[in-house]
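In: need a 3D model of the following:
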Amino acid sequence: MSFSSRRRNYLLTPHRRDGLTEWMKSMLTHSFVLDALDETAPGTFAHCEMLIEEHRKIAQEENDDNGAGTPRLSRLKQLVPSVGILDALDETAPGTFAHCEMLIEEHRKIAQEENDDNGDSTPRHPLRLSKLKQLVPSVGTFHTHLPLRKAFEAYNAKYCLTARHHVQITFNELRHILNLAQIMAMRGIQCHDEECDISYDRWTQPISEARMSKVALEFSRGLIRDDDNDDDEEDATSENGGEMDGFEGPKMITFDGDQTLYSDGANFESNPKLANHLYVLLLKGVTIAVVTAAGYEYESEKYTLRLSGLFAYFKEKSLPPEACARFYLFGGECNYLLHLGQDYKLHPVKETGAGGWMSSTKYIPDTPGNWDDEQIKDLLDKAETTVNDCVTKLKIRGRVLRKKRAVGLIPTTATAIPREVLDEVVLCIQHALGNMDLPYCAFNGGRDAWVDVGNKRVGVQILQSYMGIEMHETLHIGDQFLNTGNDYAARSICPCVWITDPEETTYILKSILRLAGVALPTVESVEGGGGEDTSVGSKKSISFSDVLRRKSSVELMDVYTGEMKQLPQPQDK
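Out: Below is the predicted model of the structure:
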């Protein structure tokens, strides 16, 4: 005999539920969903016990005073009526991050087993879903181990997340912790058992400071401190700026352009800290590649203008030719490959023939060398039609721009196109194109919307093949990792770091260098403010005044079309 509706509803009424047990149940829900009760439940119950004892103590004190003092509410009394926050991050957060770390490892293991079984044939075993895949169906590929617990402990040691009682961990803080875990993992650090402390001590210890015993303390003072001015740091690099053996870090770092290396729609002008970090990485043997949507075909001078401040820094510091040769730029996502020459200008890389980048990567199915011109035209035609329809339907103040391998919507007035409108355009394009035979990328660029033939997955994969660098040895840094962004595709081919502006990019590179044990120069020496430069190579200070004087000439180029604007003619008096 089943319950009647009346009896079922009766069981749901408030007077049939106990406030304390319902609150405790809600506090255990996240552990149950993560299947992490073994790790986190004891700490949760221990904290509940502490809250109850505090509540009893306050009640006893009030009884002793006979109500003469000011009434006080215990934390438990405040939490239970509103079913609030447990305020137990100190006890439960490390276990939660550790369990997330375990779920990611299980997910990686299952994915690896499927790859080993599959190859080019049908899998021998039925497909299995990891617990993480069941909890988060949209989760993608993890190319390295992620030491989440250690990253959280390091971040918490600096920013005291667990000391907060009213503001929970935010999205951006979780993004920072994930970024920190990823760059930790790029050092080959495996956080298993007690030997983890030894490996962390090696990577996180600042060169000039005494060794510290606690891992979190090491990171809080070494990796995530805000000061760049370490007066007693020794220069760990050679005077002649040559490569140094044993650099423990990514072999290749790829970057988005806008909002990653420079502000959206702007150019790389005066950013000496970021320029110096890139300079040191090149000297250390790291390949640097800018993978950008900006597509000016092989008009290299236009790309050079966009990065003029960076190249001016390289020239002032006399970056050696072998280091210049490790700097690349991929324009149009994956269509136009250029490299930095000894003259500190970009030059096209040969496409076909011996050593040509298209020829040597033709085995990759999605490489531009395998594209058909008719397919390219069909994709761009559909995209252009969709964008024009959106302009009419949404009454957008913008114009449609078609390039050789891209279609864009750009503003025609100083008024920005609303982000919601740009997202609508991008989603309409993605819906219209569906599963095309060619790889493509439809994305919201912040001020504009574009459809490119090809994407950053293809661009990074070509670079990996051309340089002979593995997926897990590559790191991509960008700001557009939502499904309407153009960095999103890179997730499937290499580890990624999600930043929001060039300042965060600078911070990430500083952390990578610190983890690798590389001494950094003082703030004053980098910015040319007097003081000796202890960075790699030349010791002279760098002034960006000449770059700033060229700013007006750089701004003469339309960043959308690549067209050079005319200088205003002087008025006759």
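
In: contacts only, for Asn455.
Out: Shown in contact with Asn455 (CB atoms under 8 Å, 6 or more residues apart in numbering): Glu333, Cys334, Pro439, Tyr440, Cys441, Asn486, Ala489. The C-beta positions use only the backbone N, C-alpha and C, and glycine is treated the same way.

In: between the residues you listed, which is closest to Leu148?
Out: Comparing the contacts of Asn455 against Leu148 with CB to CB places Ala489 closest, at 24.2 Å.

In: can you confirm the closest one is in a helix?
Out: Yes: counting by DSSP: H, G, I helix; E, B strand; the rest coil, Ala489 is part of a helix.

In: I'd guessed it sits against Gly454; true?
Out: No: using CB atoms under 8 Å, Ala489 is not in contact with Gly454; the gap is 9.4 Å.

In: shared neighbours, these two?
Out: Common contacts of Ala489 and Gly454 (CB under 8 Å, 6+ apart): Pro439, Cys441.

In: so what's Ala294 up against?
Out: Going by CB under 8 Å, 6+ apart, Ala294 touches Gly257, Asp258, Tyr303, Arg306, Gly331, Gly332, Val559.

In: ok, it to Tyr303 distance?
Out: The spacing between Ala294 and Tyr303, counted by CB to CB, to the nearest Å, is 7 Å.

In: how about Thr40?
Out: For Thr40, the distance to Tyr303 equals 51 Å [CB to CB].

In: kindly report the same for Gly468.
Out: With the distance defined as CB to CB, Gly468 ends up 24 Å from Tyr303.

In: so those two - more neighbours on which side?
Out: Tyr303 (23 against 8; other CB atoms under 10 Å).

In: mind putting the contacts of Asn455 into JSON lines with neighbour count and secondary structure?
Out: What follows is these, written out as JSON lines (neighbours: other CB atoms under 10 Å; DSSP: H, G, I helix; E, B strand; the rest coil):
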{"residue": "Glu333", "neighbour count": "30", "secondary structure": "coil"}
{"residue": "Cys334", "neighbour count": "28", "secondary structure": "coil"}
{"residue": "Pro439", "neighbour count": "22", "secondary structure": "coil"}
{"residue": "Tyr440", "neighbour count": "25", "secondary structure": "strand"}
{"residue": "Cys441", "neighbour count": "28", "secondary structure": "strand"}
{"residue": "Asn486", "neighbour count": "27", "secondary structure": "coil"}
{"residue": "Ala489", "neighbour count": "26", "secondary structure": "helix"}
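
In: and the furthest pair within the residues you listed?
Out: Going by CB to CB, the pair spanning the contacts of Asn455 furthest: Pro439 and Asn486, at 11.9 Å.

In: so where's the stretch 251-400 of the chain shaky on pLDDT?
Out: Scanning the stretch 251-400 of the chain for pLDDT under 70 picks out nothing.

In: same thing but 80
Out: By pLDDT under 80, the weakly predicted segments of the stretch 251-400 of the chain are 265-266, 270.

In: what's near enough to touch Thr292?
Out: Asp256, Gly257, Asp258, Leu329, Phe330, Gly331, Glu333.
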